[in-house]
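Student: The sequence and its predicted three-dimensional model are supplied below.
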Amino acid sequence: MTPDADATGLILRWSPSYQPAWDATPDAYVAAGVVAPERTRRLLRADDARLEMKAYIGVRHSDPSRYGLPGEPRASFFLSVLLGKRTLFLHTHPTILAALDELRRTHAVLATQ
């Protein structure tokens, strides 16, 4: 997809796998076969070369029973943010919008440092 740049210098590149209709339903990506069990799929890459920052938003599936642990299989969205080669964090989110919100807040803080 064509990259989108916002006024802050953050460039967003959405994957062809991204489905806006599924922003609140990560399980839809599993049901449609976009992400396989126990795998992840990146849906967005965000870059700000000035800050040497990159970030990924994606969907992940986990099934604790595969490891003999209790719990039901589930999918969730994730946000990972890197500064240079250092990972700042990897967080899960219930929706794409929640992940995007954290991405924008993190970018704003890094831009003021």
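Tutor: Structure's in. What do you need?
Student: So what does Trp22 have for phi and psi?
Tutor: Trp22 has phi and psi values of phi -100, psi 20 when expressed as degrees, to the nearest 10.
Student: what's the closest non-adjacent residue to it?
Tutor: Ala28 (4.1 Å; CB to CB, 6 or more residues apart in numbering). The C-beta positions use only the backbone N, C-alpha and C, and glycine is treated the same way.
Student: Phi and psi next, for the residue lying farthest from the centre of the chain.
Tutor: Outermost residue of the chain with respect to the C-alpha centroid, by CA atoms, centre = their mean, is Gly68; its distance is 27.1 Å. Phi and psi for Gly68, reported as degrees, to the nearest 10, are phi 70, psi 20.
Student: And the next helix or strand past the lowest-mean-pLDDT helix or strand in the chain?
Tutor: Counting by mean pLDDT, DSSP states H and E, the weakest-scoring helix or strand in the chain turns out to be strand 4-5, with a mean of 60. Using DSSP states H and E, the helix or strand that follows strand 4-5 in sequence is strand 11-14.
Student: In the protein, where is pLDDT below threshold?
Tutor: For the chain, the stretches flagged by pLDDT under 70 are 1-7.
Student: Now tell me what touches the longest helix seen in the chain from outside.
Tutor: In the chain, assigned by DSSP state H, the helix with the most residues is helix 96-111. The contact list for helix 96-111, computed with CB atoms under 8 Å, 6 or more residues apart in numbering, reads 8-10, 23-24, 43, 46, 48, 51, 53, 55, 57, 77-79, 81, 83, 88, 91, 93.
Student: Show the buried residues in those residues.
Tutor: 10, 23, 43, 46, 48, 53, 55, 57, 77-79, 81, 83, 91, 93 (16 or more other CB atoms under 10 Å).
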